[in-house]
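> how would this look folded up:
(one chain, ligands or ions: 2)
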Amino acid sequence: MFAVMAAPVNDPEHGFCRDCLTPQRSRAMRCERCGSPRIVRHAELYSLHLAHIDCDAFYAAVEKRDNPALRDKPVIVGGGKRGVVSTACYIARIHGVRSAMPMFKALEACPEAIVVKPDMEKYVRVGREVRAMMLALTPLVEPISIDEAFLDLAGTEKLHGLPPALVLARFAQAVEKEIGITVSAGLSYCKFLAKIASDFRKPRGYAVIGEEEAVSFLAEQPVTMIWGVGKAFAEVLARDGIRMIGQLQKMERSDLMGRYGVMGDRLYRLSRGEDDRRVHPDHDAKSVSAETTFDTDIAKMDDLLPVLRALSEKVSARLKKAGIAGRTVVLKLKSQDFKLRTRNRQLADPTRLADRIFSTGLDLLRREADGTRYRLLGIGVSDLSDDEKADPPDLVDLQSRKRALAEGAIDTLRDKFGRKAVETGYTFGKGRNAHPPEHLDD
Ligand code: DCP
Ligand code: MG
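Ligands and ions are numbered 1, 2, ... in the order given. A predicted model of the protein is given here:
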């Protein structure tokens, strides 16, 4: 089966102790030096360098650190306006409590749990501290969320005097000691499998997936392990009789693409452990946006709408060009008296589609179209990430899938014949006061 478990007997030369970092020369179950059972062994241990690190029960871990009375108790962080669980510690998880669960359900499952209100500022601060420690290992750190990041540790052996596998274990120890929370680490040759590995032995986990075993390991995993295969898409695959990654491995690329479009190509590649995405250090840009100042102030929704559409398309085009996506849509308005209003909405997944940016922006704009005369309108996205996880095909929402496909077709035509070749209903000939897309300010 799996790396850490599968390889030990065969690879006495490729193991070390996660507690004292001593290389192991025998096949003993416990460390030759300190007696710890936390031994990692793997044939490719010293040649892999792509890592994924994710903090364990992050918000709850920070709360336990700051209040030792909580340490051995089931702790749930959450509540507030949405009334859902942000996260639960591993003790509460034994009772079935999960992130995103309504709080009343969580308390039904675990009535003795202690509920703590989230303190976002604190978590952001701790997340930054963890990140700073990562950056001391390599500049190639790509944060994915507040508590996780990819690290490419290639070429750092000289600097650290240790191979990446040991650097990673030492890092986990240092976070425990210096920050007071625990992390799980995954080591592999690609992002897809490094992330899976970090999740495999949580909490305080360390797992390795090598090239040798990637295909056989994946064959035994459910399709939901593939990025972009959420509940809805998994149901579609299940309807076609596909539940395990091993089934995808037996299918032709053309067949998968014929059935599932672009997603089919992803299924083909990832099911075979093919993933050549590199680790991109934190993007300098924190957001991508476009805005325009009107010649004369506008109050009417009918007049604001085509401008919003054109701006959304511009933002989308930039995201697509850069291969990135944003999870938070930000609407910006400046009123006649120069008062600035910004409104945000977080989406379930990052997007790069003009249509999603537009429709979210429109929702936000409707609330602000209260007769105020505006001199500036802007739309953008923040919370940027790689576009790999963007706009997962939600086949339940057929309408949005159709829109996404239509948008793909429009992009292709525009690539071929230029931007003006295709105008959408919203921008075409509308908006007496709006600039055409080419003349939008940045
Ligand atoms: N989070 C949230 N709502 C969710 C999921 C997560 O508010 N639906 C927050 C709380 C988590 C943090 O983000 O602590 C990190 O998310 P993870 O998915 O990494 O979850 P945890 O770190 O809590 O647990 P794990 O040990 O599974 O990584
Ligand atoms: Mg986490």
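
> Which residue is the nearest non-sequential neighbour of P102?
V84 (5.7 Å; C-beta to C-beta, 6 or more residues apart in numbering). From N, CA and C alone the C-beta is placed, and that goes for glycine too.

> what sits against the one you found?
Contacts for V84 were tallied using C-beta atoms under 8 Å, 6 or more residues apart in numbering; they are 78, 100-103.

> Setting aside sequence neighbours, what's the nearest residue to the residue in the stretch 151-300 of the chain positioned nearest to ligand 1?
Using C-beta to the nearest ligand atom, K202 is the residue of the stretch 151-300 of the chain that sits closest to ligand 1, at 4.9 Å. Of all residues not flanking K202 in the chain, S184 sits nearest, at 4.6 Å (C-beta to C-beta, 6+ apart).

> On the three-state scheme, that neighbour is what?
With DSSP: H, G, I helix; E, B strand; the rest coil as the basis, S184 sits in strand.

> Could you say which helix or strand holds the closest residue to K286 other than its chain neighbours?
Closest residue in space to K286, ignoring its immediate chain neighbours: S382 at 6.0 Å, by C-beta to C-beta, 6+ apart. Using DSSP states H and E, S382 falls within strand 374-386.

> Equivalent analysis for V115, please.
Taking DSSP H and E as the criterion, V115 maps to strand 114-116.

> can you list contacts of that strand?
With C-beta under 8 Å, 6+ apart as the test, strand 114-116 has contacts from 60, 63, 70, 73-79, 103, 107.

> Repeat that for stretch 101-108.
With contact meaning C-beta under 8 Å, 6+ apart, stretch 101-108 is reached by 76, 78-79, 83-85, 88, 92, 97-98, 109, 113, 115.

> Would you indicate which residues of that stretch are buried?
Across stretch 101-108, burial judged by 16 or more other C-beta atoms under 10 Å covers 101, 103, 106-107.

> Which of the residues you listed fall in helices?
Using DSSP state H, the subset of the buried residues of stretch 101-108 located in helices is 103, 106-107.

> So A299 versus G371, what's the distance?
Using C-beta to C-beta, to the nearest Å, A299 is found at 6 Å from G371.

> quick one: which of the two has more around it?
Taking neighbours as other C-beta atoms under 10 Å, A299 and G371 compare with A299 leading, 14 against 6.

> Could you count how many residues lie near the closest residue to ligand 1 within the stretch 301-442 of the chain?
Nearest residue of the stretch 301-442 of the chain to ligand 1: A348, at 9.9 Å (C-beta to the nearest ligand atom). The number of residues packed near A348 is 9, by other C-beta under 10 Å.

> doesn't it fall inside a helix?
No. Counting by three-state DSSP, A348 is not found in a helix; it is strand.

> Next up, the contacts around the residue of the stretch 101-250 of the chain at minimum distance from ligand 2.
Closest approach between the stretch 101-250 of the chain and ligand 2, counting by C-beta to the ion: D147, at 4.5 Å. With contact set as C-beta under 8 Å, 6+ apart, D147 has these partners: 54-55, 58, 123, 127, 130.

> Tell me where the chain is predicted with low confidence.
Along the chain, the parts satisfying pLDDT under 70 run over 1-12, 81-82, 282-285, 394-403, 405, 412-442.

> Can you pull up the most central residue in it?
In the chain, the centroid-proximal residue (C-alpha atoms, centre = their mean) is I144; its distance is 5.0 Å.

> quick one: what helix or strand has that one in it?
In the assignment (DSSP H and E), I144 maps to strand 141-145.

> For that strand, C-alpha coordinates in CSV please.
Listed next in CSV are the C-alpha coordinates belonging to strand 141-145 (Å, rounded to 0.1, in the frame of the first residue of the first chain):
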residue,chain,number,x,y,z
VAL,A,141,7.0,28.8,-0.8
GLU,A,142,3.6,28.9,-2.3
PRO,A,143,0.9,29.6,0.3
ILE,A,144,-2.4,27.9,-0.5
SER,A,145,-4.4,29.1,2.5
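
> Thanks a lot, catch you later.
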